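Undergrad: just coords:
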């Protein structure tokens, strides 16, 4: 039976992996691919989806609890930042100052660390970050931003069945979790969590099973970030003219 790894152990393993990726090699160098961020309504299976994507892609999965634990641990934050060169560390510090501008002093130490951790993960790439407003912390060209939601009643019924709570209690709990996440985003990012314009893809967990959603995300990720061949200037026009001439001859 495998033991659950502590956040500290996961940090150590991830930093060691990043160090290996930066060592000079004869083989093709590692190219950091944009990360995937998953924003999820409570009970919409976002955590399960993140784990499924991690298995399919080989990306490191940073869930809400881990990112929160790392952000609150000064030592873990420092070790992660040390995995970057000075130029990128300075860029992240500039981003931190930008995010903190206009924010009150409530929990700013936590938020400062959260920004640094998520931006560092983004710099290394090949990762999935679940929750904590990660889609707002990373530049659009460095993240594929997913929102997973489902109708309120569907989420309540599933949570009641899973937790054994009465339907009325489950309804109140799901509503409180929705409010907590909405308030977090409104407070720190001045954004509406439900605004679809902040995501590249929005999925309804009632309509798709987790493996199907993972497949959709993989396909959309490739469309978004894989290079798309472009035609040589004049190729399309030449082809049209050639077909027109062939038609005239026929």
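TA: Great, that's in hand. Remember, it's a predicted structure, so these values are computed and weren't measured experimentally.
Undergrad: Any buried residues in the helix or strand hosting residue 51, and which?
TA: When secondary structure is defined by DSSP states H and E, residue 51 falls within helix 46-57. Residues 46, 47, 49, 50, 51, 52, 53, 54, 57 are the ones in helix 46-57 that count as buried (16 or more other Cβ atoms under 10 Å). The way it works is simple: take the backbone N, C-alpha and C, and place the C-beta from them, glycine included.
Undergrad: And the fifth one, how close does it get to residue 109?
TA: Between residue 51 and residue 109 the computed distance is 30 Å (Cβ to Cβ, to the nearest Å).
Undergrad: cool, and the fourth one?
TA: Shown here: residue 50 relative to residue 109, a distance of 26 Å by Cβ to Cβ.
Undergrad: now swap in the first one and tell me
TA: The spacing between residue 46 and residue 109, counted by Cβ to Cβ, is 27 Å.
Undergrad: before we move on, what about the third one?
TA: Here residue 49 is placed at a distance of 31 Å from residue 109 (Cβ to Cβ).
Undergrad: which stretches of this structure form strands?
TA: Listed in chain order, the strands found in the chain under DSSP state E are 35-40, 60-62, 127-130, 143-149, 201-204.
Undergrad: Quick check: can you name the pairing partners of the shortest one and their directions?
TA: Pointing back at strand 60-62 there. In its sheet, strand 60-62 lies beside strand 127-130 (parallel), with partners assigned from DSSP bridges.
Undergrad: The last one too?
TA: Taking DSSP bridges as the criterion, strand 201-204 sits next to strand 143-149 (parallel) in its sheet.
Undergrad: relative to helix 46-57, how tilted is the partner strand?
TA: When axes from the mean of the first three to the mean of the last three Cα atoms, to 10 degrees is applied, the directions of strand 143-149 and helix 46-57 differ by 140 degrees.
Undergrad: Strand 143-149 - what's its average pLDDT?
TA: Mean pLDDT, taken over the full extent of strand 143-149, equals 96.
Undergrad: how much space is there between the closest residue to residue 214 other than its chain neighbours and residue 208?
TA: Counting by Cβ to Cβ, 6 or more residues apart in numbering, residue 214 lies nearest to residue 52, which is 4.6 Å off, once chain neighbours are set aside. In this view, residue 52 and residue 208 are 12 Å apart by Cβ to Cβ.
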